[in-house]
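**Student:** Give me the fold of what follows.
(2 chains)
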Amino acid sequence: MLALVLAALVTSALAGSPAEGQTPLDDRVREIAAALRCPVCQNLSVADSPSEMAQQMRAVIRERLEAGESRQEVEAYFLSKYGDWILLAPRRHGFNLVLWLGPFAAAAAGLLVAAYLVRRWARRRPAARPGATDPTLLERVRSETAADAAPVPAEVFAALPPLERERARLYEALRELAFDHRAGKLSGEDYEAMRADYEARAAQALGDLDAGRARDRAGARRRSRGEERAADSESSPASARRRPLRTALAGGFLLAFGVALGVFLVQAIRPRASSMDSMTGDFLTGTGPGGVSPTLSMQGNALERDLEEGRAALDRGDLRMAADHFKGVLAIEPDHPAALSSLALILARGGHTDAAVEAVERALARAPDDSFALWVNGLVLYEAKRDYAGAIRAWEALLEQPLAPDDSRTVTQMLAGARQRLDSGAAAAAPSVPVPARNAGDSRYIIGAVLLGDSLRAAGPPAGTLFVIARRGGGPPLAVKRIVSPQFPVEFSLGPEDVMVQGGEFRGEVTLLARLKRDGRAGPASPGDLEGVAERNPIPVGTTGVRITLETVR
Amino acid sequence: MWRRVVLFVLVAVSLLSLLGYGFTRDAKEIPSPLIARPAPPFALPRLDAGTIALESLRGKVVFLNFWASWCAPCRAEAPALEAAWLRYRDRDVVFVGVDIQDKEEDARAFLRDFRITYPNVRDVSGKVAIDYGVWGIPETFIIDRDGRITYKHVGALGRATITAKIEEALRGVVSASEGRGEYGATR
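**Tutor:** Predicted structure coming up:
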C-alpha cells in the first residue's frame, strides 16, 4: 500500500516537472531574450520586461526559433533592426573595447599604484626607527630608572608633552615591574622578558625625544606630527619641496572635477516629466527643458516673438501687421488668450463685430480670469456691440482680478460710463436687428427669428449665446447656428454651412429648437438656460418666417 | 617632474572628457541601422477594408508612419501629415499609417478626429514595428521608388521636414542621418 502511494507520488512528481510550463523552447526563448535590451525600459532585458514591446519581441524570438533558426541567427536579426544598442553586453570590438577593458585596466593601474606606495612606505619604516635597541640609550634608561625613584605626580604627568609622557609611563612601568619582582609576584624569567621589552620601548622613546630636541634646536618650526612623517621629511628634503605643488595639483583636479560634475549634473539631469521622458537631456542631448524638443521650444520662441511684435504693431496702429503676427501665434497655439483678445480688438476696430466677440469668447473659454481678455471683452461689447449690460459684466469680473491701480481706475471710469448709458434708456436705442437678407429666397435655407417670451422679457435682456439647433427626427444636431450676445428679437438663417455632421445634407424636414446658453458653450442645457421650440415643427428646408419663442427656463 | 605634471593633466583631461561624452548621450536613443537599406516587406490589414502590401507600392515613394492613438506627439503631427498627403497624393507618393499597440476602436476614432484620408493598417502583433526597429513613437520611414529607406524620423514631424524629405526621396537621395523631434516611448 505504502509502496503504491510512493510510486504514485514519484510518477506524479516526474510528470509534474515538465508540466510547469518550462519547455526547452521556453528556456531558449528566455536565454536569448535575457541578452537583449528592452527598447522601452531603463536597463531591463527583453526577458524581464513586462512591456508590450518586450512581449512582442519574445513572440518574435519564439517564432524564429520554431522556424528552425539558431540563437546566432535570432540575435543577428535583432542586431540588423536595432543595431548594437539591442545587446545588453556590448560586442567586443572598436570603441566598445574601452567598456570591456577599461575597468580591468583601471583596477590594474590602481593595484600598481597601491603596490608602489606600499613598497615605498615599507622601505621607509625601518629607517624611521634608528637603533631600536641602541645600547647607550638602554644604558641611559637603566641608570635613569634607578636614579629618580619617585613616581611623577599626576598633574605634572598630565602637563608633559606626549613623548615625555610616554617615557615617564614606561619608566613607571619598569619600576613597578622591579617592585613586583622583588615582592615575589613575578618569576625571574618573566621579569627578564618583560623588562627587556619595556626597556627597549623606553630606549625608543628616549631616542625619539632626542631627535625631537635636535629638530627644535635646528629651528624647524614644525610640531611633531607623528614620528614617521617627521622622519620622512628629514630623510628626503626633496619630497618636502614637492609636496605643495602636488597638493595644489590634487586640489585643482578635485575642484575641476567638482565643478564639472556640478555643472553637468545640473544641466543634464532633470526630473522626468513622465514615464516616457528621459532623465538626461536638455542642451546636451538636444531635447529641450522638460523633454520638449528643440523644435517645440523654437516654436515657443517664435510665439513669444510674434506676440511681442504684434503688440508693438498694435501700439503703432499698424493693424494689418499686428493681425498677421497674432495669427502667427494662433497658428502655433490656436487658443492663445492674449493673441485671441488682441485679434478681437483688431477685428472690432475693423467693424467685424461678431468675429471679434467670438474671438474674445474663445479666449475667455480658455482663460476665464485673463485680465486682458476681460478688458477686451468689455470694450468690444461696449463700443462695437453697444451691449452695455454685457460690458458691465465683463468689467465687473475684471475688477475682481488683481490690477495695477491705474488700470483699476480706468476700468472703474469705463464701468461708470457703461452704467450711465445703460440707465439712459438703452432700450430705446436698441438697434434694430439686421435681417440676414443675403439668404432670403434661397431654398437651401431656413430663415426666421427668435423672440423672447413675455414672461422672460420682464427680467431684462438676458445674456449668453443663442444656439438655433436643427435636428432630423430625434437624432443629434444636424445644423447649429451660434449667435453671440443676441439682442432680441434676433433673426437667423440656417443653411448648408451650418451643418455639423460630416457629410450631412441640409434638406428635407427638420425640427428647430433655440437655446440661450448662459455659459456660452455648446452642449446640453444647464440650469438657467432659456429654451423654445419652433411654432410649427417639423419645418421643411426653404421655409422663411419661422418664429421661435424662448419660453422655458431650464 | 614636468613629465609627472603632463602625465597627470593627460589622465585628468581624458577622464573628464570621457565623463563629458557620457553626459552628451541620450541613453534611450537607438540609432537605426536601416537607413539606405531595403525596407522590410510587409502585408497588413487596412483599418477600413482590404490589405496593403509594401511590394505593391514599388515605383512610388512611400511615407510610412508608425503611430498610436494614445501617443500625444502622434496627435500633434497628424494634421501636418494629412495636409502633406493632400499635397503629394498626385505625385507618386503614398502615405501609409501603421497603427501599433492600439485598440481598434481608438485607432478609428483617431482617424475620424483628424479626418485622415490616407490608408492606415494595423500591426497587431507588433512584428512589422520590430522589423523596422521601432522604439519611439511616432516613427516615420521614407522609402524611395526602389524600396530603399532614405530617411527615418523619430518623433513628430513638421511640414518643412516632410516636404524636404519627400522631395529628396523622389530624387532618390538618401539622408546621412535620422531626424528627431518630440517623441514618446512605445509601450
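
**Student:** contacts and neighbour counts: CA atoms only from here.
**Tutor:** Fine.

**Student:** what helix or strand does B:Trp85 sit in?
**Tutor:** Here B:Trp85, judged by DSSP states H and E, is contained in helix B:72-88.

**Student:** outside of that helix, which residues touch it?
**Tutor:** Applying Cα atoms under 8 Å, 6 or more residues apart in numbering or on different chains, the contact partners of helix B:72-88 are B:67-69, B:94-95, B:114-118, B:137-138, B:155-159, B:162-163, B:182-184.

**Student:** Same question for stretch A:60-67.
**Tutor:** Outside stretch A:60-67, the residues that reach it (Cα under 8 Å, 6+ apart) are A:25-26, A:29, A:32-33, A:71, A:74, B:127.

**Student:** Filter the residues you listed down to the buried ones and hand me the PyMOL line.
**Tutor:** To isolate the buried ones among the contacts of stretch A:60-67 in PyMOL, judged by 16 or more other Cα atoms under 10 Å in any protein chain shown, type:
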select buried, (chain A and resi 29+32+33+71+74) or (chain B and resi 127)
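
**Student:** for the contacts of stretch A:60-67, which one is nearest B:Arg25?
**Tutor:** Ranked by distance to B:Arg25 (Cα to Cα), the contacts of stretch A:60-67 are led by A:Ala33 at 25.1 Å.

**Student:** quick one on the thing from earlier: ok, the contacts of stretch A:60-67 vs B:Arg171, which is closest?
**Tutor:** For the contacts of stretch A:60-67, the closest approach to B:Arg171 (Cα to Cα) belongs to B:Lys127, at 30.0 Å.

**Student:** quick one on the thing from earlier: next step: the contacts of stretch A:60-67 restricted to helices.
**Tutor:** Among the contacts of stretch A:60-67, DSSP state H puts A:25-26, A:29, A:32-33, A:71, A:74, B:127 in helices.

**Student:** would TSV of the residues you listed with distance to A:Pro162 and pLDDT be doable?
**Tutor:** TSV is the format used below for the ones in helices among the contacts of stretch A:60-67 (distance: Cα to Cα, whole Å; pLDDT from 0 to 100):
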residue	distance to A:Pro162	pLDDT
A:Leu25	75	85
A:Asp26	73	86
A:Val29	71	91
A:Ile32	68	92
A:Ala33	67	92
A:Arg71	72	91
A:Val74	74	93
B:Lys127	80	92
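
**Student:** centre of the chain versus the longest helix anywhere in chain B, how much separation?
**Tutor:** Longest helix in chain B, counting residues (DSSP H): helix B:2-23. Distance of helix B:2-23 from the chain centroid (Cα atoms, centre = their mean, to the nearest Å) equals 39 Å.

**Student:** That one vs chain A: in contact?
**Tutor:** Yes: looking at helix B:2-23 against chain A by Cα under 8 Å from any Cα of the partner chain, the contacts come from B:12, B:16, B:20, B:23.

**Student:** picking that back up, among the contacts of helix B:72-88, which are in helices?
**Tutor:** Checked against DSSP H, the contacts of helix B:72-88 include these in helices: B:159, B:162-163.

**Student:** Pull the number of nearby residues for the closest residue to chain B within the stretch 51-200 of chain A.
**Tutor:** Residue of the stretch 51-200 of chain A nearest chain B, by Cα to the nearest Cα: A:Lys81 (4.7 Å). A count of neighbours around A:Lys81, defined by other Cα atoms under 10 Å in any protein chain shown, yields 21.

**Student:** okay if I get the ones in helices among the contacts of stretch A:60-67 as TSV plus distance to B:Pro73?
**Tutor:** Shown next, in TSV, are the ones in helices among the contacts of stretch A:60-67 (distance: Cα to Cα, whole Å):
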residue	distance to B:Pro73
A:Leu25	39
A:Asp26	37
A:Val29	34
A:Ile32	33
A:Ala33	30
A:Arg71	36
A:Val74	32
B:Lys127	22
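
**Student:** so which of the residues you listed would you say is closest to A:Ala365?
**Tutor:** B:Lys127 (44.4 Å).

**Student:** For that closest one, give its distance to A:Gln487.
**Tutor:** Computed as Cα to Cα, to the nearest Å, the B:Lys127 to A:Gln487 distance reads 62 Å.

**Student:** Helix, strand, or coil at A:Arg515?
**Tutor:** Secondary structure assignment for A:Arg515 (DSSP: H, G, I helix; E, B strand; the rest coil): strand.

**Student:** Look up which residues are beta-bridged to it.
**Tutor:** On the basis of DSSP bridges, A:Arg515 is bridged to A:Phe467, A:Glu531.

**Student:** picking that back up, when you check chain A, which of the contacts of helix B:72-88 turn up near it?
**Tutor:** By Cα under 8 Å from any Cα, the members of the contacts of helix B:72-88 lying near chain A are B:182, B:184.

**Student:** just to revisit the earlier point, residues making contact with the helix or strand that comes right after the longest helix of chain B?
**Tutor:** Note on helix B:2-23: by DSSP H and E, the next helix or strand toward the C-terminus is strand B:43-45. Residues from elsewhere that reach strand B:43-45 (Cα under 8 Å, 6+ apart): B:51-54, B:121-123.
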